Structure formats: C-alpha cells, structure tokens
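Peer 1: Build me a model:
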Amino acid sequence: MLALLAGNKDPFDLEGITRGPGTRDCPTEIPSAFDERIIGCICHEKSSSVNYMWLYRGHPKRCECGHWFKLVYKAPV
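Peer 2: Numbering: from 1, shown residues only. Predicted coordinates:
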C-alpha cells in the first residue's frame, strides 16, 4: 500500500516488460532479487504461445527467436 501511495504502480514487477533492442551487446534487462529467474518470451506479436526459459545472473541468454535477455539485480521490496 505504501508503494502504491508513493506512486509506484507496480511494486512487485507483475506487469510485462517491453523488450528493448535485444542484441547481444544490448540485451533486454530483466530485474530480479535472486540469482536466477524464469521468464517467458512472446516471440512473435500474433503468437498464441510463450517460450519459457531460465535466466542466470552473469549469463545473458538468447531466445529461440534471436532476442537476448540479461538478469540484473534489483533490491527486494
């Protein structure tokens, strides 16, 4: 409640993350307070399936569609 009152509309990062450039040099950053996190990539805009994969801190990963992701630290709420 305090985070919502302070203006943070998504304190638990429940909303989807918009993919960035997604290149190997500039991967989409995924926040996590842990050393690993499972994510889902909707590879194509009109796709009805989600490609799930594990991300580990310090090891950027490429999805089957070619988009790169990287886990970055975010302090827990």
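
Peer 1: can you give me the helices for this protein?
Peer 2: 2-5 (DSSP state H).

Peer 1: mind listing the strands for it?
Peer 2: Assigned by DSSP state E, the chain shows strands spanning 28-32, 36-41, 51-56, 61-62, 68-73.

Peer 1: what residue ranges in the chain score low on pLDDT?
Peer 2: Nowhere does the chain drop to pLDDT under 70.

Peer 1: Arrange the strands of the chain in CSV, one row each, with mean neighbour count and distance to residue 6 as further columns.
Peer 2: Quick note: C-beta positions are derived from backbone N, CA and C, even for glycine. Shown next, in CSV, are those (neighbours: other Cβ atoms under 10 Å; distance: least, Cβ to Cβ, whole Å):
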stretch, mean neighbour count, distance to residue 6
strand 28-32, 16, 18
strand 36-41, 14, 25
strand 51-56, 14, 28
strand 61-62, 16, 33
strand 68-73, 17, 21
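
Peer 1: Residue 11 is nearest to which of those?
Peer 2: For the strands of the chain, proximity to residue 11 was assessed by Cβ to Cβ; strand 28-32 is nearest, at 11.9 Å.

Peer 1: Can you name every helix or strand that the closest one contacts?
Peer 2: strand 68-73 (3 or more Cβ pairs under 8 Å, 6 or more residues apart in numbering; DSSP states H and E).

Peer 1: list the contacts for the closest residue to residue 59 other than its chain neighbours?
Peer 2: Closest residue to residue 59 apart from its sequence neighbours, by Cβ to Cβ, 6 or more residues apart in numbering: residue 71 at 7.9 Å. Shown in contact with residue 71 (Cβ atoms under 8 Å, 6 or more residues apart in numbering): 29-30, 32, 35-37, 55-59.

Peer 1: could the residues you listed go into a markdown table alongside distance to residue 45?
Peer 2: Listed next are the contacts of residue 71 as a markdown table, based on distance: Cβ to Cβ, whole Å:
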| residue | distance to residue 45 |
| --- | --- |
| 29 | 21 |
| 30 | 20 |
| 32 | 25 |
| 35 | 31 |
| 36 | 28 |
| 37 | 23 |
| 55 | 22 |
| 56 | 27 |
| 57 | 29 |
| 58 | 30 |
| 59 | 27 |
